[in-house]
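Can you look at this prediction? I've put the sequence above it.
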Amino acid sequence: RHARPQKTSPSAPSSLSTPIMAPSLEATVAGVRLTSCVYNASGPRTGSSAALAKVGASSSGGILAKSATVESQTGNPQPRTWHETDKNLASLNSEGLPNSGIGYYVDSATIKESVGETGKPYMVSISGHTLADNLKMLETIAAASKEDGLISAVELNLACPNVIGKPIIAYDFDQMDDVLGAVEALPCVVDGTLPPLGVKMPPYFDGPHFDRAAEILNAHKSVVKYAASINTVGNAFAIDAAAEMPVISSKGGFAGLSGPAVRCTALANVRKMRELLDPAIDVVGVGGVETGEDAFAMLLCGAAAVQVGTAHWKEGPKCFDRICEELTAIMEEKGYTSVEDFRGKLKGWSKEGAAVARAAKKAKQEKAAKAGGGAVSASAKKDAGADVYMLVSAVLAVLVAILLGDKLGVYSI
């Protein structure tokens, strides 16, 4: 006798055999591939290879070093930083570019210690005291890059407001044009040995200023490959009411404003720059980014990638893991598989969109209320349990008193 063929169970659905891929956060800035569209801004926690290695070990898509000067310098007197803690909206800094000098940041040992085994792109930032300083540092970077190929890009800071006695270059449009013209004429730019160059821009507030800044950048698009907007809002001021003095010691208390307080200004600058700049020039959004939703908004406005400064300063490199996780969750919810699915695709205001926003807000409030109600319910149950316990205890105490009274002959039962 032949064995009866056994029934086979139906094959498992293909969704079980093929894992669902998480959305990709990869991005490209100035031709440089980033493992994530979120990476660090040049600023606090970026001055040493040890600090940069922590950035590299996080979800940051790249590693951007502290803005360098020709020689090392200690920066402005302390205290030169301040965080508003009541509402956590604003931070001030007047660091004055403390750094180890350009030689340190282009040294192969520094770069290898910073990058480790991650393979992430390493980028250098410079902010010379003079045009000659900047040109000299660019030549130094080009020479180092030609020798070992470890530097992926360069960011020229045209926006620092915290060097005492020095103006913000990108607010003086003629000077900005001259600087970029001189950079364009450098032999290392002409022969292509300088890595891709980006510029760090200050915030603009007036239409004609946006137009003029974009006009200059477009005129030098052969050398300017991205614009990072924005740096801090210069000349902000905060007072310690108890001590009746500024919270910052240098520059008479004036400092650069950062954090959530500048987010709307940063979004406006990213949006306007993306509208006005040549498509060959990427825009990197920076300013007030603390959550995945903040990063999402920057990308919607057209940013190719997003830098994080103040959140990194306050929270440390773990902020990159959190922000990337939050951005991934938003993309999954909306069905986006890559940053390119929505980058620069900001929708115009509409009644339909407003209805969607109201529904989302209502759902968020209901979720919060439900979570809060659960907490209240648990508390109420706890209180109810305590009341029952007290009642039972009181009844037992009365019974014990009656029994004792009977035994001692005080009264009989």
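Perfect, I can see it now.

so where's the stretch 251-400 of the chain shaky on pLDDT?
The stretch 251-400 of the chain contains residues with pLDDT under 70 at 373-400.

mind listing the helices for it?
Assigned by DSSP state H, counting those that start in this stretch, the stretch 251-400 of the chain shows helices spanning 263-276, 292-300, 310-315, 318-334, 351-407.

mind exporting the first one as PDB, just the C-alpha atoms?
Looking back up the chat, that one is helix 263-276. Presented in PDB, the C-alpha positions along helix 263-276 are these (Å, rounded to 0.1, in the frame of the first residue of the first chain):
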ATOM      1  CA  ARG A 263      13.100  78.000  13.300                       C
ATOM      2  CA  CYS A 264      10.500  80.000  11.400                       C
ATOM      3  CA  THR A 265      13.200  82.400  10.200                       C
ATOM      4  CA  ALA A 266      15.300  79.400   9.100                       C
ATOM      5  CA  LEU A 267      12.400  77.800   7.200                       C
ATOM      6  CA  ALA A 268      11.800  81.100   5.400                       C
ATOM      7  CA  ASN A 269      15.400  81.400   4.400                       C
ATOM      8  CA  VAL A 270      15.600  77.800   3.100                       C
ATOM      9  CA  ARG A 271      12.300  78.300   1.200                       C
ATOM     10  CA  LYS A 272      13.500  81.600  -0.400                       C
ATOM     11  CA  MET A 273      17.000  80.300  -1.200                       C
ATOM     12  CA  ARG A 274      15.600  77.200  -2.900                       C
ATOM     13  CA  GLU A 275      13.300  79.400  -5.000                       C
ATOM     14  CA  LEU A 276      16.000  81.800  -6.000                       C
END
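
so what does that helix touch, helix or strand wise?
If contacts are counted by 3 or more CB pairs under 8 Å, 6 or more residues apart in numbering; DSSP states H and E, helix 263-276 sits against helix 207-219, strand 224-229, strand 282-286, helix 292-300. Every C-beta, even on glycine, is put in place using the N, C-alpha and C of the backbone.

With Tyr104 as the reference, name the closest of these.
Among the helices and strands packed on helix 263-276, strand 224-229 comes nearest to Tyr104, with 22.0 Å by CB to CB.

Report the beta-bridge partners for Val308.
Under DSSP bridges, the beta-bridge partners of Val308 are Asn40.

Show the low-confidence segments of the stretch 1-150 of the chain, by residue range.
Scanning the stretch 1-150 of the chain for pLDDT under 70 picks out 1-19.

And the helices in it, which stretches?
14-17, 49-57, 102-106, 108-115, 131-148.

mind putting those helices in CSV, mean neighbour count and distance to Lys225 included?
Listed next are the helices of the stretch 1-150 of the chain as CSV, based on neighbours: other CB atoms under 10 Å; distance: least, CB to CB, whole Å:
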stretch, mean neighbour count, distance to Lys225
helix 14-17, 8, 42
helix 49-57, 20, 22
helix 102-106, 23, 19
helix 108-115, 17, 20
helix 131-148, 18, 14
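
and those helices as TSV, adding distance to Ala369?
Listed next are these as TSV, based on distance: least, CB to CB, whole Å:
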stretch	distance to Ala369
helix 14-17	34
helix 49-57	39
helix 102-106	51
helix 108-115	46
helix 131-148	55
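
Gly287: which of those is closest?
Closest approach to Gly287 among the helices of the stretch 1-150 of the chain (CB to CB): helix 49-57, 18.5 Å.

Centre-most residue in the protein?
Val308 (2.2 Å; CA atoms, centre = their mean).

how near is that one to Tyr336?
Noted for Val308: a distance of 20 Å to Tyr336, by CB to CB, to the nearest Å.

Check Gly116 too.
Using CB to CB, one gets 30 Å for the distance from Gly116 to Tyr336.

same check, this time on Ala255
38 Å.

Please identify which of those two sits among more neighbours.
Ala255 (30 against 19; other CB atoms under 10 Å).

which residues does the more buried one contact?
Contacts for Ala255 were tallied using CB atoms under 8 Å, 6 or more residues apart in numbering; they are 80, 82, 92-94, 162, 232, 235-237, 248.

Could you measure from it over to Thr85?
Taking CB to CB, one finds Ala255 at 16 Å from Thr85.

again with Leu217
Remark: distance between Leu217 and Thr85 (CB to CB) = 37 Å.

who has more neighbours, the two?
Between Leu217 and Thr85, Leu217 has the larger neighbour count (other CB under 10 Å), namely 25 against 9.

The closest residue to the more buried one other than its chain neighbours pairs with what?
Counting by CB to CB, 6 or more residues apart in numbering, the nearest residue to Leu217 once its immediate chain neighbours are dropped is Val224, at 5.3 Å. Val224 has these beta-bridge partners by DSSP bridges: Leu197.

Trp82 versus the closest residue to Ala261 other than its chain neighbours, what's the distance?
Residue nearest to Ala261 in three dimensions, not counting chain neighbours: Ala90, with 4.2 Å by CB to CB, 6+ apart. Relative to Trp82, Ala90 is positioned 9 Å away (CB to CB).

Which residues are in contact with each of these two?
Contacts common to Ala90 and Trp82, judged by CB under 8 Å, 6+ apart, are Ala238.

Contacts only, for Leu25.
If you count contacts by CB under 8 Å, 6+ apart, Leu25 has them with 35-38, 61, 324, 327-328, 339.

picking up where we left off before, hmm, Asp177 and the residue nearest to Leu217 touching each other?
No - with contact defined as CB atoms under 8 Å, Val224 does not reach Asp177; the gap is 11.6 Å.

if you count what's nearby, which of the two comes out ahead?
Using other CB under 10 Å, the more surrounded residue of Val224 and Asp177 is Val224, with 25 against 16.

show me the contacts for Pro202.
Shown in contact with Pro202 (CB under 8 Å, 6+ apart): 158-159, 161, 168, 170-171, 230-231, 234.

do that again at 6 Å, thanks
With contact set as CB atoms under 6 Å, 6 or more residues apart in numbering, Pro202 has these partners: 159, 168, 170, 231.

how close does it sit to Lys314?
Distance, Pro202 to Lys314, using CB to CB: 22 Å.

same check, this time on Asn134
To Lys314, Asn134 is 30 Å away according to CB to CB.

Over to Pro279?
Pro279 is 35 Å from Lys314, by CB to CB.
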